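Participant: sequence unknown, structure follows:
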């Protein structure tokens with residue numbers, strides 16, 4: 001069994017998942033979101049992130065080639081990698097080892113270590129690197145049935161690379177393929193200054209970015225909406241869980257609100 005990297009192959013011994021492959025994708029997802037390889041803390045996030053409903057809305061199916069864009073600590077990797085194992089292809093487009101921001105290479109190393117420690121679950125994952133404009137080969141061009149990104153768009157706005165990121169996704173997705181975006185939702189009409197500092201982004205601006213890259217807007221869903229999120233916090237979205245940047249200050253109030261109000265958007269690359 002192997003965890004594959006572009007330019008590097010690490011052979012890792014392991015065995016197949018012990019549970020039988022479930023024919024029904026929904027059953028398989030429902031099993032994976034509470035599987036033993038997931039921590040209690042990550043399983044607790046299911047309440048706010050609705051992974052089964054989100055992935056079904058965005059069109060995930062067995063046998064697909066899927067690219068997860070900047071998977072962070074691997075919350076969705078824990079679901080997508082075993083879901084596609086032996087029946088599909090999963091690319092994790094993580095930070096570049098040459099990333100210019102100090103947190104990026106260590107985050108990549110932690111992700112690599114996470115995968116290497118459990119080859120039974122992650123042994124068929126392919127890690128690629130994303131750092132526009134320098135590293136943009138996240139999957140073979142035109143190969144992905146589905147590209148997914150969760151809570152990342154605000155970071156690209158802060159870095160001023162939002163257009164380059166969406167253009168990269170467009171190259172990786174096949175004609176007729178889908179881009180799925182989940183992002184913290186700002187009130188419509190919010191300024192670029194608000195979006196570049198708060199972590200919240202307007203739904204209209206995300207649609208504008210995707211369409212500028214060539215995607216067509218297909219649909220939106222309120223799967224990850226949270227009307228209790230007032231979006232007016234001192235530390236922006238990071239005031240809320242799971243980050244809770246204010247520490248113990250009003251902690252119970254923020255825990256009661258839960259995770260942020262999020263848009264869930266589906267785009268398609270036009271057929272050529």
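Facilitator: Great, that's in hand. Please read all numbers here as calculations on a predicted model, not as lab measurements.
Participant: Could you pull up the residues touching residue 68?
Facilitator: By C-beta atoms under 8 Å, 6 or more residues apart in numbering, the residues touching residue 68 are 76-77, 80, 90-93, 147-150. Any C-beta I mention is one placed from the backbone N, CA and C, and that applies to glycine too.
Participant: tell me the phi and psi of it?
Facilitator: phi -100, psi 120 (degrees, to the nearest 10).
Participant: ok, now residue 180?
Facilitator: Residue torsions, per degrees, to the nearest 10, at residue 180 are phi -110, psi 130.
Participant: re the thing from before, looking at the contacts of residue 68, which is nearest residue 176?
Facilitator: Using C-beta to C-beta, residue 147 is the member of those that sits closest to residue 176, with 12.7 Å.
Participant: Against residue 141, how distant is the closest one?
Facilitator: Computed as C-beta to C-beta, to the nearest Å, the residue 147 to residue 141 distance reads 12 Å.
Participant: now swap in residue 119 and tell me
Facilitator: To residue 141, residue 119 is 28 Å away according to C-beta to C-beta.
Participant: Kindly report the same for residue 50.
Facilitator: 31 Å.
Participant: what's the answer for residue 121, then?
Facilitator: From residue 121 over to residue 141 (counting by C-beta to C-beta), the distance is 28 Å.
Participant: Who has more neighbours out of those two?
Facilitator: residue 121 (22 against 12; other C-beta atoms under 10 Å).
Participant: Tell me the first helix or strand C-terminal of the one helix or strand in the chain whose mean pLDDT sits lowest.
Facilitator: For the chain, using mean pLDDT, DSSP states H and E, the weakest element among its helices and strands is strand 8-11, scoring a mean of 34. As assigned by DSSP states H and E, the chain's next helix or strand after strand 8-11 is helix 25-32.
Participant: mind listing what's buried in that following helix?
Facilitator: By neighbour count with 16 or more other C-beta atoms under 10 Å, helix 25-32 contains the buried residues 25, 28-29, 32.
Participant: Which stretches in the protein count as strands?
Facilitator: 2-5, 8-11, 65-69, 89-95, 126-130, 144-150, 173-184, 216-221, 262-268 (DSSP state E).
Participant: can you list the ones you listed in a markdown table and add distance to residue 198?
Facilitator: Formatted as a markdown table, the strands of the chain follow (distance: least, C-beta to C-beta, whole Å):
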| stretch | distance to residue 198 |
| --- | --- |
| strand 2-5 | 35 |
| strand 8-11 | 38 |
| strand 65-69 | 21 |
| strand 89-95 | 23 |
| strand 126-130 | 23 |
| strand 144-150 | 18 |
| strand 173-184 | 8 |
| strand 216-221 | 21 |
| strand 262-268 | 14 |
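Participant: residue contacts, residue 64?
Facilitator: Contact partners of residue 64, counting by C-beta under 8 Å, 6+ apart, are 84, 88-89, 145-146.
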